[in-house]
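Engineer: Give the three-dimensional model of this entry:
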Amino acid sequence: PAWIGQNIFSYAQWLACGYVVYCPESAATVMIDLKEIGPTYYFAPPRIFEGLLTSVMIRMEDASPIKRRMFHYFMDVARRVGPRLMDGNSVGAADRLLYQLGDWLVYGPLRNTLGLSRVRVAYTAGEAIGPDLFTFYRSIGINLKQLYGSTETAVFVCLQPDHAVKADTVGVPIEGVELRVADNGELLVKSPGLLKAYYKNPEATAEALTPDGWYHTGDAGFLDASGQLKIIDRAKDVGRLMGGPHDGAMFAPKYVENKLKFFPFIKEAVAFGDKREKVCAFVNIDFEAVGNWAERRNLPYAGYTDLAAKPEVLALVKECVEKVNTDLANDEHLAGSQVSRFLVLHKELDADDGELTRTRKVRRGFIGERYQVLVDAMYGGKSEQFIETAVRFEDGRTGKVAATLPIVDARTFPAMRRAA
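Structural biologist: Down below sits the predicted model:
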């Protein structure tokens, strides 16, 4: 109830626009309720869209070979054609026909399975969404858009306009909003929707608001040539590589982590690299997705820790990491952020252990301190490292998880030079 998104979308906007708000029976029945209700307007944080995609990919891996080949073929068509159709751009007759066929065979049934077949517009906000994940939904005909704002700005700072949606931006400032980028790259906002003050907390108010009325968002970003805002990361998290071939290059951990989390086999990622010569990362596998993958290959495992250490699983994750590195090599600003080394953690990151916030955001600083021995091992060139970690179970009991974690080297690629 203290979140502005809840107040805007559940209490205020429906009164102004005339829609009906539905409440799912429970967190466990959301997918069933979505299909039953068939909403026309949908709002959810990126993690929900990540979970939906993972469930789809798990089901596709269990499908027959013919269905899998058909799915992957038409998804290639969708990635090439779908966003252009969604934005109202011209598409060749052959591509349009192929996309229509894909809509009958794949995209339509997929939207129906997700409960989003009637959605006119879907919004995501609250955290940065990976461009690959965002493009997936738009490519299958779901009009997904990003909102940018915060409780302090009454949600709305930027919106993505129709027919001008970019996967790596959050849109243009709405009417009445002014944006300014500080010298350190932090985005400042001034608008009629700004908070007046934090309740009985003048110190926090003084930190958040400048004397002339600008609000410190804490996000680092810039306006591109078309006037759309691109958020890179939290300002305090954006760093620079030091030493090595990418000395001085920008390091945006959240951007790298989101690209890794696009893959259904990776549930969480934590990237390190500020003031270091290269980027290394921790990875959490998605136990359900990787477990399903292992069972289809008759690969036995005794639990999360055992599965995470399997050489076959490490090779699977390495393939995902190297695909991300290929994409990063094409970004002139972030080519230096390619992941050189990684390890798969022996336990899932958990809010009960202080590693995630209650909204499931990684606490990168805390994780770096808690697993300092693993960070040092990655940067020290070790091939493996033993660790023992205290954990808290759901019933309140405590225990320890110990394992020797292999550290894997990933291929990195030369930065692509853009023509002048």
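Engineer: Can you give me every residue that contacts T210?
Structural biologist: T210 makes contact with 188, 216, according to CB atoms under 8 Å, 6 or more residues apart in numbering. Where you see a C-beta, it was placed from the backbone N, CA and C, and this is true even at glycine.
Engineer: Got the confidence number for it?
Structural biologist: Here the pLDDT value assigned to T210 is 94.
Engineer: ok, then the element right after the longest helix along the chain?
Structural biologist: As assigned by DSSP state H, the longest helix anywhere in the chain is helix 65-86. Counting by DSSP states H and E, the next helix or strand C-terminal to helix 65-86 is helix 93-102.
Engineer: Pull out the buried positions in that following helix.
Structural biologist: By neighbour count with 16 or more other CB atoms under 10 Å, helix 93-102 contains the buried residues 98-99, 102.
Engineer: Also stretch 51-70?
Structural biologist: Using 16+ other CB under 10 Å as the burial criterion, the residues of stretch 51-70 that qualify are 51-58, 60.
Engineer: Out of the residues you listed, name the ones that lie in helices.
Structural biologist: Taking DSSP H, the ones among these that sit in helices are 51-58, 60.
Engineer: which stretches of the stretch 251-400 of the chain form helices?
Structural biologist: 253-261, 287-296, 304-308, 311-329, 364-370, 372-379 (DSSP state H, counting those that start in this stretch).
Engineer: As JSON lines, those with mean neighbour count and mean pLDDT would be great.
Structural biologist: Output for the helices of the stretch 251-400 of the chain, formatted as JSON lines (neighbours: other CB atoms under 10 Å; pLDDT from 0 to 100):
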{"stretch": "helix 253-261", "mean neighbour count": "25", "mean pLDDT": "90"}
{"stretch": "helix 287-296", "mean neighbour count": "17", "mean pLDDT": "93"}
{"stretch": "helix 304-308", "mean neighbour count": "19", "mean pLDDT": "95"}
{"stretch": "helix 311-329", "mean neighbour count": "18", "mean pLDDT": "95"}
{"stretch": "helix 364-370", "mean neighbour count": "15", "mean pLDDT": "93"}
{"stretch": "helix 372-379", "mean neighbour count": "17", "mean pLDDT": "96"}
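Engineer: Output those helices as CSV; include the columns distance to L343.
Structural biologist: Converted to CSV, the helices of the stretch 251-400 of the chain look like this (distance: least, CB to CB, whole Å):
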stretch, distance to L343
helix 253-261, 13
helix 287-296, 15
helix 304-308, 9
helix 311-329, 9
helix 364-370, 13
helix 372-379, 6
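Engineer: So for R68, which of these sits nearest?
Structural biologist: Comparing the helices of the stretch 251-400 of the chain by their distance to R68 (CB to CB), the top pick is helix 287-296, with 11.3 Å.
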